[in-house]
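>>> below are the sequence and a predicted model for it; my questions follow.
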Amino acid sequence: MLHIEETPATVKRHLSISEDRWLLIFDNSDNPDIDISKYFPLGGNIIITSRNPSCSEYAPESDAHFEIDKMELDEAISLLLKVARTDASGDLRVDAGQLVNDLGFLALAIDQAGSYIFTRKCTLNEYREMFHNRRDRSKLLRERLSMQRSSSYQSTVYTTWEISIQMVKETNTLASEILQLFSYLHYAQIPREIFKRACCRIHITRESDYVSESDDTSGSDTQWTASRVSKEIYSLLCARKGKNSEEWDEDIFERAIDTLQSFSLVKREKYEGHPIYTLHPLVSSWTRERLSDAEQLLFQQSVVCLLNRSIQSTFGDSDTDLGFRRRLFIHVEACRKLFPEYFVCHEATEPDVLWEMVNFAMVYIEFGSWKKAEELEVQVMETRKRVLGQEHPDTLTSMANLASTYRNLGRWKEAEELEVQVMETSSRVLGQEHPDTLRSMHNLAYTHKSQGHVDDAIELMKKAASFRSRILGRDHPDTKSSVDTLVQWRGAK
């Protein structure tokens, strides 16, 4: 104990002139607004523990700071069994391994779980069962047990993060909303591109769907987006680098990420050169569970709207566009698991929501998840038949989409039945020379060929090539596709 006035200034002065060896520890120095360097005495040794990555700037050399990530499996198991005061037999280590994996190898969560298991005299598997129940998990990770004698921690997992999110809100409101959006995506590999591509859909009209879509309502995307996301997120999507610029101002987004990273709530990484963000799985679930029902609904709608706007900006077939859509697969799947009711269509489903299901089906298709794509496409088709009627263009589009999926699944008979309906209805409603009718001819010809009906296939492809050449022109990509296919089939016969 120092026999001096215990103020930061006097302690600093005393240590600076002391001839004794000393070690000064700044523990949990997480607040990014506090510059702790002004408290550093001269000489001696200093250790700083912090969740704020920017504290590494205080290190005098590049190798003088260390990032402690999640625990290794063996040490995590040992910590759990030690705190739980449980025998470390072979079978129990297997159960413990499953539990620490559920806890994301997070030391504080493992310590808290071990204390609960010891105090309540429950088994590892009983704790796992409670943990996997959403309500029990929230209770478990908030609870501070009075008998937690083996631990030096003074906070629970959730209370620690709760303090952080309150500080985030005070620092940057947008940052807290981005975290809430992230929590409804998969916790790993969240692409910044989602936001960048979604912003391109603001103030412009919606482009065609991946088979066909007609929409002459100017500005519908802007109105639809504004009604589906929070004001902060909408302002983020509308941010531009200059008054007359269409380029997204990503600096606003990155400053919000800086705030989240300073509290170790989000981690920046790169995947194939693309900026991505990762949350600890427990941070992700905690962020969702702390929201009210109304807030959960808002951010569910927001994340679906954001994903769809980003998908709609990538209807090209370039490797960049295809790669982006494939990276969305785990995030669409996360949404489907978190709020499956959204992925069920019925008569009251809004037309724009049906298009969102179509877009999600496209992500499944390009990832090769055909059965999941089929489930969505069947729902969309049946709903449109009931609500819009058999001959509506959107209904025909959904039938053509489903037929394409059946072809890729090798279900040729079902594909043929749908394609015949689409071609005949398009010919009657839109006209024999309409591009959609000609597309259906081209697709049906392929289905005939795959079933071994070569003569029928050639005859139908000849008709499609002739119409396309006359209406679209010889140099149009669709014309070239039909003509080249026809030449190939004739040569192979």
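Happy to help now that I have it.

>>> end to end, how far does stretch 469-487 reach?
Chord length of stretch 469-487, first to last residue, is 14 Å (Cα to Cα, to the nearest Å).

>>> avg pLDDT for that stretch?
For stretch 469-487, mean pLDDT rounds to 93.

>>> heads up, I number from 511, so please use that
Sure thing, new numbering starts at 511, so read that last one as stretch 979-997.

>>> how about that stretch: buried residues?
By 16 or more other Cβ atoms under 10 Å, the buried positions in stretch 979-997 come out as 979, 982, 988-990, 992-993, 995-996. All C-beta spots, glycine's among them, are computed from the backbone N, C-alpha and C.

>>> again with stretch 902-912
Applying a neighbour-count criterion of 16+ other Cβ under 10 Å, the buried positions in stretch 902-912 are 903-912.

>>> keep only those of the residues you listed that are in helices.
In this view, the buried residues of stretch 902-912 that belong to helices under DSSP state H are 903-912.

>>> using JSON lines, lay out those residues together with pLDDT and distance to residue 923.
As requested, those are arranged in JSON lines below (pLDDT from 0 to 100; distance: Cβ to Cβ, whole Å):
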{"residue": "903", "pLDDT": "91", "distance to residue 923": "25"}
{"residue": "904", "pLDDT": "92", "distance to residue 923": "25"}
{"residue": "905", "pLDDT": "94", "distance to residue 923": "21"}
{"residue": "906", "pLDDT": "94", "distance to residue 923": "20"}
{"residue": "907", "pLDDT": "92", "distance to residue 923": "21"}
{"residue": "908", "pLDDT": "94", "distance to residue 923": "19"}
{"residue": "909", "pLDDT": "95", "distance to residue 923": "15"}
{"residue": "910", "pLDDT": "94", "distance to residue 923": "17"}
{"residue": "911", "pLDDT": "93", "distance to residue 923": "18"}
{"residue": "912", "pLDDT": "96", "distance to residue 923": "13"}
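
>>> surely residue 894 touches residue 902?
Yes. Taking contacts as Cβ atoms under 8 Å, residue 894 lies within contact range of residue 902: 6.6 Å.

>>> next structured bit after the helix or strand of the chain with the lowest mean pLDDT?
Within the chain, judged by mean pLDDT, DSSP states H and E, the helix or strand with the poorest mean is helix 730-738; its value is a mean of 63. Counting by DSSP states H and E, the element after helix 730-738 in chain order, helix or strand, is helix 741-748.

>>> what is the mean pLDDT for that following helix?
Rounded to a whole number, the mean pLDDT of helix 741-748 is 82.

>>> starting at the chain centroid, how far to the next helix-or-strand element following it?
Tracing the chain C-terminally past helix 741-748 and defining elements by DSSP H and E, one meets helix 760-772 next. Mean C-alpha position of helix 760-772 versus that of the full chain (Cα atoms, centre = their mean, to the nearest Å) differs by 17 Å.

>>> point out the other helices and strands that helix 760-772 packs with.
Secondary structure elements in contact with helix 760-772, counted by 3 or more Cβ pairs under 8 Å, 6 or more residues apart in numbering; DSSP states H and E, are helix 667-681, helix 683-692, helix 703-709, helix 741-748, strand 777-781.

>>> the last one versus helix 760-772: what angle between them?
Angle between the axes of strand 777-781 and helix 760-772 is 120 degrees (criterion: axes from the mean of the first three to the mean of the last three Cα atoms, to 10 degrees).

>>> other residues contacting strand 777-781?
With contact meaning Cβ atoms under 8 Å, 6 or more residues apart in numbering, strand 777-781 is reached by 699, 701, 767, 771, 785-789, 837.

>>> which parts of that strand are buried?
Buried positions in strand 777-781, judged by neighbour count with 16+ other Cβ under 10 Å: residue 777.

>>> avg pLDDT for it?
Rounded to a whole number, the mean pLDDT of strand 777-781 is 90.

>>> sheet partners, orientation included, of that strand?
Taking DSSP bridges as the criterion, strand 777-781 forms sheet pairs with strand 784-788 (antiparallel).

>>> right, and the helix or strand after the partner strand?
By DSSP H and E, the next helix or strand past strand 784-788 is helix 791-799.

>>> helices or strands up against the helix or strand just after that next one?
Stepping forward along the backbone from helix 791-799, the first helix or strand reached (DSSP H and E) is helix 803-822. Other elements packing on helix 803-822 under the criterion 3+ Cβ pairs under 8 Å, 6+ apart are helix 683-692, helix 703-709, helix 730-738, helix 741-748, helix 839-848, helix 861-877.

>>> gap between helix 803-822 and the chain center?
For helix 803-822, the distance to the chain centre is 11 Å (Cα atoms, centre = their mean).

>>> give me the angle between that helix and helix 791-799.
Relative orientation of helix 803-822 and helix 791-799, computed by the same axes, to 10 degrees: 120 degrees.

>>> what's the pLDDT at the nearest residue to residue 611 once chain neighbours are set aside?
With Cβ to Cβ, 6 or more residues apart in numbering as the criterion, residue 611 has its nearest non-adjacent residue at 7.9 Å, and that residue is residue 583. Model confidence at residue 583, given as pLDDT, is 91.

>>> got a list of what residue 583 touches?
Contacts for residue 583 (Cβ under 8 Å, 6+ apart) come out as 607, 610-611, 615.

>>> those residues in helices, which ones?
Judged by DSSP H, the subset of the contacts of residue 583 located in helices is 607, 610-611.

>>> ok, those residues vs residue 541, which is closest?
The nearest member of these to residue 541, counting by Cβ to Cβ, is residue 610 at 29.8 Å.

>>> any low-confidence regions in the stretch 611-760 of the chain?
For the stretch 611-760 of the chain, the stretches flagged by pLDDT under 70 are 644-649, 651-666, 711-736.

>>> please redo it, this time with the cut-off set to 50
655-664, 714-729 (pLDDT under 50).

>>> and stretch 819-826, what's its mean pLDDT?
Here the average pLDDT along stretch 819-826 is 74.
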